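> Next come a sequence and a model predicted from it.
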Amino acid sequence: MRRRLSSLLTLALTIGLLTFGAAPALADHDALAPPFGTAIQPGDPVPNQGPLGAWDHLATIPTGNPHTDLDFFKQDGEDYVSVGTLGTGPNAAGQTIVQLTDSGRVVAPTPGIAGSGSIRYVSGHPSAECPSNPLDVLGLQHDVEATPKGGAILNRQNPFAVESRTQLIIDATDAPGRCHDGGETGPAGSVPQGGLEIIDVTNVNNPVEIGLTSHIGEAHTVNVDPKRPHIAYAVTSDAVSLNADKSRQNQDPKDSDRFDLDGFEVVDLSSCMNFPAGTSVAKKRQSCQPEVYRYRYPTTEISLGTIVKDTVYGCHELEVYPDDKLACGSGAAAIALDMRPSFNNRGTPNDYTDDKPNGTPLPCRVRASSSLAAYQTGAKVTDCVVGRNGVDLTIPGWLKIGAPKLREPRHLGSAYHMGRNGPRPSTEDIDFDHEAEFTASGKFLMATDERGGGVVPPGATCATGIDNPKGNGGIHAYASSRLDTSRPGSASEADKAYARTPSGDKAIYRVTPRTGAEATTCTAHVMQQIPGQNRIFMGWYSQGTQVVDFVERSNGTFEFRDAGYFIPADANQWVSHIFKTKRNADGTYTYWGVAGDFKIDSGRNSIEVYKVTLPAPQPCSSSGTTCTPGGVPQSSTTTADLGLALAGLLVLPTAAVVGRRRRRRSAAQLTE
């Protein structure tokens, strides 16, 4: 979600996400126990599901907290999920860790028998239990990444991914006022910026925070490089306004935009990982001092919209690929970068675990938590806002000291959109690019349109039987070979990058609303491509879990297909991802997944676990479709997990897939 929304105060007060009660006095806030207990409930009957699949709602974990992003990881052969929190929550909110399998099997709880089944609450980290400013509720979203993932499904598209036992969970918060670095003056006063919280989960039953970072651009989301598990990306959704002369306002030392970053920061977590067995928490906290490298767009041309041209956005979410491509969803553009120039292999080209960022790290300082005693942690904060010796690391201060930075990646091209609040409907263009991902073949780039920031009418509204062209944003596909390395002169010129359907239309998918009228939260959000298949599972807010297939045809055309949906009663799903897959003897596939649900005008404030068996996606064949991999070949084993076949199936995106070049514009035209 975006951070700045005009109706945010009203929204926050309406949905009741804030907690202002005092927490108990503790030596370290990490020790807080979850008052909601360990209750796991059988899932409800499914009132609204797609006709193509057999859906089972396996379990509900009713935390009472509004849930956001999630990440899967494996330890000792079992699957776990960590689910974040939106804003604050009363019940030890932050990261909630749930075990999903027992001896590799997913078993639903038995009604009336406490503790039955494989799905069980394990532990939590209370990074979201503290008072906060209502205006910042959507910025305190506690995005999460586990590292390494231990072979979990979300890394299986990358054959170089490190699969060793999970060590850390990274909790990202965008806005000031986070629990463990909230300032002594409380939510109404001046408080430090947001950033990452580094949580040691080597003992998954006892998560312990060992470090924090604080960034000018904060951390709306966080990503970890699968083959470099010590490298995290602190990803900002900041909006940087332009002056009349097209210069960026974050360069003005008197402008509030000086705290906003049009780019992202790379965080080297090497000092926070790979400790010998038995290392104490105190020693881990003493050692954990990440290095932070800043990347800022060299020009506004890389991300500025084609119609609305007054705002530059940082990367709202990004994905990192085996060949070091990076896909960035940047509001008014989907950006493709080649990160290879930004890393030094240190003489070991086939071992990525010792790689270091190229460039000069920020002169950050290390300080103690600024929170009130009840919410303090013993972990130290690596402060990249006010650096060593008090140096100002906002954009003007950073420029003044010579702009120490990451060696710039290479811009491969962008898919340009109209810009926020532009005139085009959701059937023609993207209002706000929430997320961008390459398909497994690398031939196409997909982006999701989070209209209205997910909550502001009319940009996120829908109703059964009535199409709202201003709302219900969808998934858009672009041809990688037609991305632009220079910003197009018009929206129609930018449209040339679109993938086209066999009938010649733009390749855009929007769901059919099935829940009646929705005043808010009816638009595309977080997607997951299933490894080895051209199939997407995603959270669509009030429209629950949506399953979308796509076909990449050998003639270059692209087609989305509706493959199923699962909408529990009163659903409002931020994210819905799959952690386990199986191909059945009859050719169908069974998927096990988890959804994070949160309550606004609707929603469950819970974690949902489900199972579905669906017909196979489009198979590889010689009938005009590609095999890259648009489904698992018919000769594949009938019972193996999809990830086992990837080594032979995966066709990596290559840096040779670059955008088309346009004529160079003069310096005066670069920011138009």
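Here it is on my side, so go on. Residues are numbered from 1 along each chain as shown.
> Beta-bridge partners for D79, please?
In this entry, D79 is beta-bridged to K74, by DSSP bridges.
> Isn't it up against G150?
No - applying Cβ atoms under 8 Å as the test, D79 and G150 come out as separate, 9.1 Å apart. In this view, the C-beta of every residue, glycine as well, is placed from N, C-alpha and C.
> residues shared between the contacts of these two?
Shared contacts of D79 and G150, defined by Cβ atoms under 8 Å, 6 or more residues apart in numbering, are found at F73.
> Okay, helices next: where are they in the stretch 551-672 of the chain?
Using DSSP state H, counting those that start in this stretch, the helices found in the stretch 551-672 of the chain span residues 646-649.
> Let me see the ranges of the strands in it.
Here the stretch 551-672 of the chain has its strands, by DSSP state E, counting those that start in this stretch, at 558-566, 573-583, 589-597, 606-614.
> Mean neighbour count for those - can I get that in JSON lines?
JSON lines is the format used below for the strands of the stretch 551-672 of the chain (neighbours: other Cβ atoms under 10 Å):
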{"stretch": "strand 558-566", "mean neighbour count": "21"}
{"stretch": "strand 573-583", "mean neighbour count": "23"}
{"stretch": "strand 589-597", "mean neighbour count": "25"}
{"stretch": "strand 606-614", "mean neighbour count": "23"}
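> Could you dump the ones you listed into a markdown table and include distance to F264 and mean pLDDT?
Shown next, in a markdown table, are the strands of the stretch 551-672 of the chain (distance: least, Cβ to Cβ, whole Å; pLDDT from 0 to 100):
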| stretch | distance to F264 | mean pLDDT |
| --- | --- | --- |
| strand 558-566 | 28 | 95 |
| strand 573-583 | 21 | 96 |
| strand 589-597 | 23 | 96 |
| strand 606-614 | 28 | 96 |
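> Kindly present these as JSON lines, with separate columns for distance to S116.
Compiled in JSON lines, the strands of the stretch 551-672 of the chain are given as follows (distance: least, Cβ to Cβ, whole Å):
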{"stretch": "strand 558-566", "distance to S116": "23"}
{"stretch": "strand 573-583", "distance to S116": "19"}
{"stretch": "strand 589-597", "distance to S116": "17"}
{"stretch": "strand 606-614", "distance to S116": "14"}
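> Of those strands, which is nearest C384?
Proximity to C384 (Cβ to Cβ) singles out strand 573-583 among the strands of the stretch 551-672 of the chain, at 27.7 Å.
> Give the other helices and strands that that closest one contacts.
strand 67-75, strand 78-85, strand 527-529, strand 535-539, strand 545-552, strand 589-597 (3 or more Cβ pairs under 8 Å, 6 or more residues apart in numbering; DSSP states H and E).
> That one: how far from the chain's middle?
Here the centre of strand 573-583 is set off from its chain's centre by 15 Å, with Cα atoms, centre = their mean, to the nearest Å.
> now it and strand 545-552, what's the angle there?
On the basis of axes from the mean of the first three to the mean of the last three Cα atoms, to 10 degrees, strand 573-583 is oriented at 60 degrees to strand 545-552.
> Under the pLDDT cut-off, which ranges of the stretch 201-350 of the chain? List them.
Within the stretch 201-350 of the chain, no stretch falls below the threshold (pLDDT under 70).
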